[in-house]
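Colleague: Fold the following.
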Amino acid sequence: MSQDQTYTISDLSREFGITPRAIRFYEDEGLLAPTRVGRNRVYSKRDRTLLRLILRGKRLGLSLAEIGELLGMYDGVRNSAPQLRRFLNVLAERRAAIEQQKEDIIAVLAEIDLLEGQCRDLLADAGEQTG
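Modeller: Alright, predicted model coming up:
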């Protein structure tokens, strides 16, 4: 692929398994800025990379504001120490949130186990079989 490779909204939509509407939403939020030829959007290799980073950020559960901040770093010097430190901070915050969710899920599952056991005991006491 050459540096001049371009993509249509349909190309990117198909490649990343998202709707054209989602791509337009990221444009509206200022995360993507394709060029236009007439009424058509023309996406560059850079736009494609930005879209990949946006989707990765969404998978990590980052907010659009956090994704925008990280994408802003993409325009500057790549892999500089301040960028990497900020990214590590964002990842640490996300990890902490997910760890808390994990603990919450474990607690809820334990509560479900307890309640299921109590229900089964009550049914057994009543002479009914459980499934």
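
Colleague: Grab the nearest non-local neighbour of the residue most central in space within the chain.
Modeller: The residue lying closest to the centre of the chain (C-alpha atoms, centre = their mean) is Lys58, at 1.5 Å. Excluding its sequence neighbours, the residue lying closest to Lys58 (C-beta to C-beta, 6 or more residues apart in numbering) is Ile67, at 7.2 Å. Heads up, the C-betas are built off the backbone N, CA and C, glycines and all.

Colleague: likewise Leu55?
Modeller: That would be Phe16: by C-beta to C-beta, 6+ apart, it lies 6.0 Å from Leu55.

Colleague: And the one you found, how far from Ala92?
Modeller: 27 Å (C-beta to C-beta, to the nearest Å).

Colleague: Compare these two (neighbour count), which wins?
Modeller: Phe16 (15 against 10; other C-beta atoms under 10 Å).
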